[in-house]
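1. structure for this input, please:
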Amino acid sequence: MGDFVKQLVEFSLEQGGSVFVQVDEAPGGSVMRGLGKDRPTVAERTDRTFEEATATVIPAARSLLTRLRAADDPADEISIEFGVQLSAQTGAFIASAAVEANFRVSLTWRRASGT
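-> I've put the predicted structure just below:
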């Protein structure tokens, strides 16, 4: 994966608190902080909340679903599965198959009876 290194990124949560996510990032220039004397690992703190960082995932899935439903002969059931990787700089993005994703998302829609 080139010059990327695994590191912890702290994302604030809109409802309070925070979540630490292990991400692959290019080394350099981030604001780092310790996790305390009993937890010497260093984490990067991002300005984005977790919700802001992952906000693009639902619209992307919705867009793909709309295109699949618009097919001439749409399926009775549509399943979309993809990996989501987080980055302190870019937020969430859909991961390639070769990349270890932070989250694996599986969504299924079933056509309503009689349609």
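
2. contacting residues for residue 53?
-> Residues in contact with residue 53 (C-beta atoms under 8 Å, 6 or more residues apart in numbering) are 11, 46, 86, 91, 92. Where you see a C-beta, it was placed from the backbone N, CA and C, and this is true even at glycine.

3. and the residue lying closest to residue 103 once chain neighbours are set aside, how many residues sit next to it?
-> Of all residues not flanking residue 103 in the chain, residue 84 sits nearest, at 4.3 Å (C-beta to C-beta, 6 or more residues apart in numbering). By the measure other C-beta atoms under 10 Å, the count of residues near residue 84 is 18.

4. how far does the helix or strand containing residue 84 sit from its chain's centre?
-> Take DSSP states H and E as the rule and residue 84 turns out to sit in strand 77-87. Centroid separation between strand 77-87 and its chain, computed with C-alpha atoms, centre = their mean, to the nearest Å, is 9 Å.

5. note down every partner strand of that strand and its orientation.
-> Partners of strand 77-87 in the sheet, by DSSP bridges, are strand 91-95 (antiparallel), strand 103-110 (antiparallel).

6. go through that strand and flag the buried ones.
-> 78, 82, 83, 84, 85, 86, 87 (16 or more other C-beta atoms under 10 Å).

7. in JSON lines: those residues, plus distance to residue 52 and pLDDT.
-> Formatted as JSON lines, the buried residues of strand 77-87 follow (distance: C-beta to C-beta, whole Å; pLDDT from 0 to 100):
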{"residue": "78", "distance to residue 52": "28", "pLDDT": "88"}
{"residue": "82", "distance to residue 52": "20", "pLDDT": "88"}
{"residue": "83", "distance to residue 52": "20", "pLDDT": "88"}
{"residue": "84", "distance to residue 52": "14", "pLDDT": "89"}
{"residue": "85", "distance to residue 52": "16", "pLDDT": "87"}
{"residue": "86", "distance to residue 52": "11", "pLDDT": "87"}
{"residue": "87", "distance to residue 52": "13", "pLDDT": "85"}
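
8. can you tell me which two in the residues you listed are farthest apart?
-> Taking C-beta to C-beta as the measure, these span a maximum distance of 28.2 Å, between 78 and 87.

9. any idea of the angle the longest helix along the chain forms with strand 103-110?
-> Criterion DSSP state H: the longest helix present in the chain is helix 57-69. Helix 57-69 and strand 103-110 are oriented at 40 degrees to each other (axes from the mean of the first three to the mean of the last three C-alpha atoms, to 10 degrees).
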